[in-house]
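Q: predicted model, plus sequence, below.
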Amino acid sequence: MSYVTREVVRGGVSLAVRDWGGGEGGAGAEVGVLLLHGLAGHSGEWDGLARRLRGDGYRVLALDQRGHGESERRPEDVSRAAYVDDVLAVVEEFGGRGAGAGGASGAGARGGGRPFVLVGQSYGGLAALLAAARRHPRIAGAVLVEAGPEKSSPEEVAQVVGWLTGWPVPFGSREEAVAYLGGGAVGEGWASGLEERGDGWWPRFDAAVLGRSLAENACRSWWEEWDAVEVPLLSVLGQHGIIGDGQWDGMARRQPALRGVCLPGAGHDLHLERPEELYGVVAAFLREVTAGA
């Protein structure tokens, strides 16, 4: 089972989408899945989950967000609104009337297009949250993996930017990159997003561009948008992740129907550390959403 890379162009910015197909019948005929990676990540981080969900019959897509992977690396606009507009453009492109497994052909669900559940990790989770807050008719739900509406401190943003700019690139080998990026499944997941050139292995992003994209996160929180979400929500957290008790309490209090799962021992990159457990909770959530579709 493999994917086809498709292009969606919005505002002159080229976006690469891994199209895993699916949705010809069963659950996926009603609800599709759009997977959104985190900052400095890539759509390939979701390959394992994409295969499993495609095997369950869902229509599955994974987006290289602007500034990442095979999408435009140096877009001028790196605002949160731009990322959210990209998500909605992909949903419109693949979920519109007549959008079937191959893209713009075939029969759409409900006779008027297929809605999508957004699954995003970290920065991609925030994009999923903000897209859901727009109340777009083709957003059927959102899974936020290690993501929430609280803002980051300037110190936290500076720490992330410093980490990205401090990568000792080019890496001399893929093995060297895996070790530097955490080793094990996490290091492998990050390293799989690198590209090999004649002089070594390089990231498929510009650290300065990603640094600019974080600026808003230190200026405001997104609680107003959190309150505006009306579709089903699932929050998946790692015990050693970045969502503290205070943020979680606020999330649960302001969205009483929120489902929440915490994976013991897992960290921020739990989608790489614990892919089978993540699949289990996402699949259960999708069955609930599909039943209500």
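A: It's in. Since this is a predicted model, take the numbers as computed values, not measurements.

Q: ok, and for stretch 270-284, which residues are buried?
A: 270-275, 277-279, 281-282 (16 or more other CB atoms under 10 Å). No exception for glycine: its C-beta is placed from N, CA and C like everyone else's.

Q: show me those residues that map onto strands.
A: Among these, no residue falls in strands (DSSP state E).

Q: now, which of those lie within helices?
A: Here DSSP state H is the test, and the buried residues of stretch 270-284 give 270-273, 275, 277-279, 281-282 as lying in helices.

Q: which of these lies closest to residue 213?
A: Ranked by distance to residue 213 (CB to CB), those are led by residue 271 at 20.2 Å.

Q: what about the protein, any weak spots by pLDDT?
A: Counting by pLDDT under 70, the low-confidence segments of the chain come to 26-29, 97-112, 293.

Q: what about the helices in it?
A: Using DSSP H, helices in the chain cover 47-55, 80-95, 123-133, 154-165, 174-180, 184-191, 207-213, 223-228, 245-254, 270-273, 275-291.

Q: distance to residue 6 added to these, as a markdown table?
A: Formatted as a markdown table, the entries for the helices of the chain read as follows, by distance: least, CB to CB, whole Å:
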| stretch | distance to residue 6 |
| --- | --- |
| helix 47-55 | 14 |
| helix 80-95 | 8 |
| helix 123-133 | 18 |
| helix 154-165 | 28 |
| helix 174-180 | 27 |
| helix 184-191 | 23 |
| helix 207-213 | 23 |
| helix 223-228 | 28 |
| helix 245-254 | 34 |
| helix 270-273 | 23 |
| helix 275-291 | 22 |
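
Q: those: which one's closest to residue 238?
A: It is, among the helices of the chain and with distance given as CB to CB, helix 270-273, at 4.2 Å.

Q: could you list the alpha-carbon positions for the closest one in CSV?
A: In CSV, the C-alpha atoms belonging to helix 270-273 read as follows (Å, rounded to 0.1, in the frame of the first residue of the first chain):
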residue,chain,number,x,y,z
LEU,A,270,4.4,10.1,21.1
HIS,A,271,3.2,9.5,17.5
LEU,A,272,6.8,8.2,16.8
GLU,A,273,7.3,6.5,20.2
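
Q: what about residue 60, distance to residue 20?
A: Going from residue 60 to residue 20 by CB to CB, to the nearest Å gives 4 Å.

Q: and for these two, which residues touch both?
A: Common neighbours of residue 60 and residue 20, using CB atoms under 8 Å, 6 or more residues apart in numbering, are 50, 53-54.

Q: nearest to residue 173, of those residues?
A: Nearest to residue 173 out of the shared contacts of residue 60 and residue 20 is residue 50 (CB to CB; 27.3 Å).

Q: compare residue 60 and residue 20 and say which one has the larger neighbour count.
A: Counted by other CB atoms under 10 Å, residue 60 and residue 20 do not tie: residue 60 has more neighbours, with 29 against 26.

Q: quick one: contacts for the more buried one?
A: So residue 60 contacts 20-22, 28, 32-33, 35, 50, 53-54 (CB under 8 Å, 6+ apart).

Q: so it bridges to which residues?
A: Per DSSP bridges, the residues bridged to residue 60 are residue 21, residue 33.

Q: just give the nearest non-adjacent residue to the residue nearest the centre of the chain, would you?
A: In the chain, the residue lying closest to the centroid (CA atoms, centre = their mean) is residue 36, at 1.6 Å. Counting by CB to CB, 6 or more residues apart in numbering, residue 124 is the residue found nearest to residue 36 once chain neighbours are left out, at 3.2 Å.

Q: number of nearby residues for residue 228?
A: Number of residues near residue 228 (other CB under 10 Å) recorded here: 14.

Q: and it, how far is that from residue 136?
A: Residue 228 sits 12 Å away from residue 136, going by CB to CB.

Q: how much space between the residue nearest to residue 36 and residue 81?
A: Distance check for residue 124 against residue 81: by CB to CB, it reads 15 Å.
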